[in-house]
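Visitor: Please find the sequence and the predicted model below.
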Amino acid sequence: MKKIFCVVLLLLFASSCHSPGSDGYRSVNIYYPLKNPDTDSALIRAHTESLKTGGDEITRVFELLKSAPKNNSLISPLPQDLKLLSAKIDNGIADIDLSGQYNYLSGLNKTLADACITLSMCQLEGVSSVRITVDGVGTGSLYTPPDFIRGRLGLINYENSLVLYFISRDDTALIPEIRHTVARENESVLELIVKYLMDGSVTQTNKPVFPRGTRLLSVYSEQNICYLNLSKEFITNHDISEQSELLTIYAIVNSLTELPDIDCVQFLIEGVKLRGFTYFDLSAPIERNLEI
């Protein structure tokens, strides 16, 4: 379930691409500008669309972006006479060449179009960044989802439907919860996810993830690895039980790796890599595990 500017974006990145159905289609999130946005909340919203799998999926996503959903609150980010001249995926990069009509866009409209294309194309399997050219001409810059959140293009606030994992009351499983939030300037999605996990479940049936007194010291990402630096209470105040450790680790890892640019989580305790709990090794990055 994985594979989220100064603009405001309504993002549903958490669900990303779903597994193909038996009919050869899967659900993906395509991003569209709001027709009447509230600049204090969001300018772009994700809309779940049905995508035929296999073959030229980039072209199908492009056509969905041009057509916009049957939703009066959303519009297409693209000129209707815009053409996709060529597209390919190579080493995680979707190279997209568009016709000259793309140059008609400027300012906020151009940024929204870049964001919608990038966020939508990065829903495709094997795509982690997008390079946009017009009639074969471009800067060669690569766009990734984090660019529109906290990077080169400035910060776009966005409403995000995050998938968070909490521990079941009987300590037997992880229970996903959907949390809707708006990230604003100088807030990172990683920080929001950790904050919500620390705040605890919105239901009374799921247990907290973090041990009492645990503080977030820092969280950031590099090369698709999330570095999560926690205070020593994460270790010292934790229940000494193999099952409890397992669920705690993967509640955090699975929540953070819902983001499309995060593949694994490296835990740090007071800035240091440790072998970890009694049963679990925290010295190396940990990948998601949805089998729990």
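Guide: Perfect, I can see it now. Quantities reported herein were computed from a predicted structural model and do not represent experimental measurements. Numbering: from 1, shown residues only.
Visitor: give me the low-pLDDT residue ranges for the stretch 151-292 of the chain?
Guide: 151-161, 180-187, 276 (pLDDT under 70).
Visitor: Break down the stretch 151-292 of the chain into its helices, ranges please.
Guide: Counting by DSSP state H, counting those that start in this stretch, one finds helices in the stretch 151-292 of the chain at the ranges 189-199, 233-236, 242-256.
Visitor: Secondary structure class of L65, three-state.
Guide: helix (DSSP: H, G, I helix; E, B strand; the rest coil).
Visitor: Show me this protein divided up by domain.
Guide: 8-155, 186-287 (automatic domain parsing).
Visitor: Could you provide those in CSV, with additional columns for mean neighbour count?
Guide: From N, CA and C alone the C-beta is placed, and that goes for glycine too. CSV is the format used below for the domains of the chain (neighbours: other CB atoms under 10 Å):
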stretch, mean neighbour count
domain 8-155, 18
domain 186-287, 17
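Visitor: Out of these, which gets nearest to Y165?
Guide: domain 186-287 (4.4 Å; CB to CB).
Visitor: Distance to I117 added to the helices of the stretch 151-292 of the chain, as a markdown table?
Guide: Output for those, formatted as a markdown table (distance: least, CB to CB, whole Å):
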| stretch | distance to I117 |
| --- | --- |
| helix 189-199 | 20 |
| helix 233-236 | 39 |
| helix 242-256 | 25 |
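Visitor: For R212, find the nearest of those.
Guide: helix 233-236 (7.0 Å).
Visitor: which outside residues touch the closest one?
Guide: 210-215, 269, 274, 276-277 (CB atoms under 8 Å, 6 or more residues apart in numbering).
Visitor: what does stretch 274-289 give?
Guide: Here stretch 274-289 has contacts from 2, 225, 235, 238, 240, 242, 245-246, 249-250, 253-254, 257, 263-267, 269, 273, using CB under 8 Å, 6+ apart.
Visitor: Next, count neighbours for the residue lying closest to S244 once chain neighbours are set aside.
Guide: Among residues not flanking S244 along the chain, D171 sits closest, at 6.2 Å (CB to CB, 6 or more residues apart in numbering). Residues within reach of D171, counting by other CB atoms under 10 Å, total 13.
Visitor: Could I get the full set of strands for the stretch 151-292 of the chain?
Guide: With DSSP state E, counting those that start in this stretch as the criterion, the stretch 151-292 of the chain has strands at 157-168, 174-183, 206-207, 216-222, 225-230, 264-269, 286-287.
Visitor: contacting residues around the nearest residue to V194 once chain neighbours are set aside?
Guide: Nearest in space to V194, with sequence neighbours left out and distances taken as CB to CB, 6+ apart, is L216 at 5.2 Å. Contacts for L216 (CB under 8 Å, 6+ apart) come out as 191, 194-195, 198, 228-231.
Visitor: among the domains of the chain, which is nearest I178?
Guide: Nearest of these (CB to CB): domain 8-155, 7.5 Å.
Visitor: ok, now how distant is N289 from V134?
Guide: 42 Å (CB to CB, to the nearest Å).
Visitor: Could you do T118 as well?
Guide: T118 is 15 Å from V134, by CB to CB.
Visitor: Next one: R26, what pLDDT does it get?
Guide: Turning to R26, the model gives it a pLDDT of 79.
Visitor: so it, which of the three states?
Guide: Applying three-state DSSP: R26 is strand.
Visitor: List the beta-bridge partners for Y220.
Guide: Y227 (DSSP bridges).
Visitor: didn't it look like it was pressed against D261?
Guide: No. Contact between Y220 and D261 fails when scored by CB atoms under 8 Å: they sit 11.9 Å apart.
Visitor: list the residues that contact both of these two?
Guide: Common neighbours of Y220 and D261 (CB under 8 Å, 6+ apart) do not exist.
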